[in-house]
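# below is the structure, and that's it, no one-letter string:
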């Protein structure tokens, strides 16, 4: 069974104010920290990296510089997340196995979580991780509360997300691609494919703003 990891780093970083995936921490780009976790995992066979089109050549240089030999392809992203992931999937072709989709700016994903996700995916076909949310959640528009979310075990979802390759490719063929999805799991949900959620790791943070960079010092 082959395992492919698609590292999605094609965002423009509007909230961050720049390409956060290439920001250096202790002399190394965040993107490289992230990819190294999948490079080291013994179950991962191939890595596809998706970055802004203007950064494809530069990313290739970084992969060579840091000896990331499992990186088989570096491709330009699209306008939306689902477009970028599709560009990565196209590099897999019709191969069978497991596809992992992970945010380039989650640099602290653990080996334990990656391996656990792969093994769970063999059984459940579509596996995601998240952290249970115990606070009261309210939907707000223009500072006005629109609704209070019922306490039905909400989860703050993380990446990596794990999918049977054939299942994921089928989804891309069947969904209404004009509709925008926030993650790949939502695409499966939209056509009735079961997605199974397991507890993630609190350390698996996503770097979204410049303030988040301060958190890095507590984890390294």
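Done, it's in. Keep in mind that this is a model prediction, so the values were computed, not measured.

# assign a three-state SS to residue 123, would you?
Using DSSP: H, G, I helix; E, B strand; the rest coil as the criterion, the local structure at residue 123 reads helix.

# residue 114 too?
Assigned with three-state DSSP, residue 114 falls in the helix class.

# begin at 30 from here
Renumbered: residue one is now 30, and that last one reads residue 143.

# what's the burial count for it?
Other residues near residue 143 come to 23 when the count uses other CB atoms under 10 Å. (Glycine included, C-beta is placed from N, CA and C.)

# could you check how far it is from residue 240?
Separation of residue 143 from residue 240 (CB to CB, to the nearest Å) stands at 27 Å.

# now do residue 103
29 Å.

# stretch 53-71: which residues count as buried?
54, 58, 59, 60, 61, 62, 63, 64, 66, 67, 68, 70 (16 or more other CB atoms under 10 Å).

# try stretch 97-112
Those would be 97, 99, 100, 102, 103, 104, 106, 110, 111, for stretch 97-112 by 16+ other CB under 10 Å.

# who touches the third one in this structure?
Residue 100 sits next to 64, 68, 76, 77, 78, 92 when contact means CB atoms under 8 Å, 6 or more residues apart in numbering.

# that one bridge partners, please.
Per DSSP bridges, the residues bridged to residue 100 are residue 76.

# secondary structure class for the residue nearest to the spatial centre of the chain?
Central residue of the chain (CA atoms, centre = their mean): residue 131, 2.2 Å from the mean position. Judged by three-state DSSP, the three-state class of residue 131 is strand.

# surely it meets residue 64?
No. Contact between residue 131 and residue 64 fails when scored by CB atoms under 8 Å: they sit 9.2 Å apart.

# need the residues touching each of the two.
residue 36.

# hey, where'd the strands end up in the protein?
Taking DSSP state E to define them, one finds strands in the chain at 31-37, 53-54, 57-58, 75-80, 100-105, 126-132, 155-161, 167-170, 173-177, 184-186, 190-193, 225-228.

# what residues sit buried inside the first one?
Of the residues in strand 31-37, those buried by neighbour count under the rule 16+ other CB under 10 Å are 32, 33, 34, 35, 36, 37.

# what does the last one give?
Of all the residues in strand 225-228, those buried under the rule 16+ other CB under 10 Å are residue 226.

# make a markdown table out of the buried residues of stretch 97-112 and add pLDDT.
Below are those laid out as a markdown table (pLDDT from 0 to 100):
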| residue | pLDDT |
| --- | --- |
| 97 | 98 |
| 99 | 98 |
| 100 | 98 |
| 102 | 97 |
| 103 | 98 |
| 104 | 97 |
| 106 | 95 |
| 110 | 93 |
| 111 | 94 |
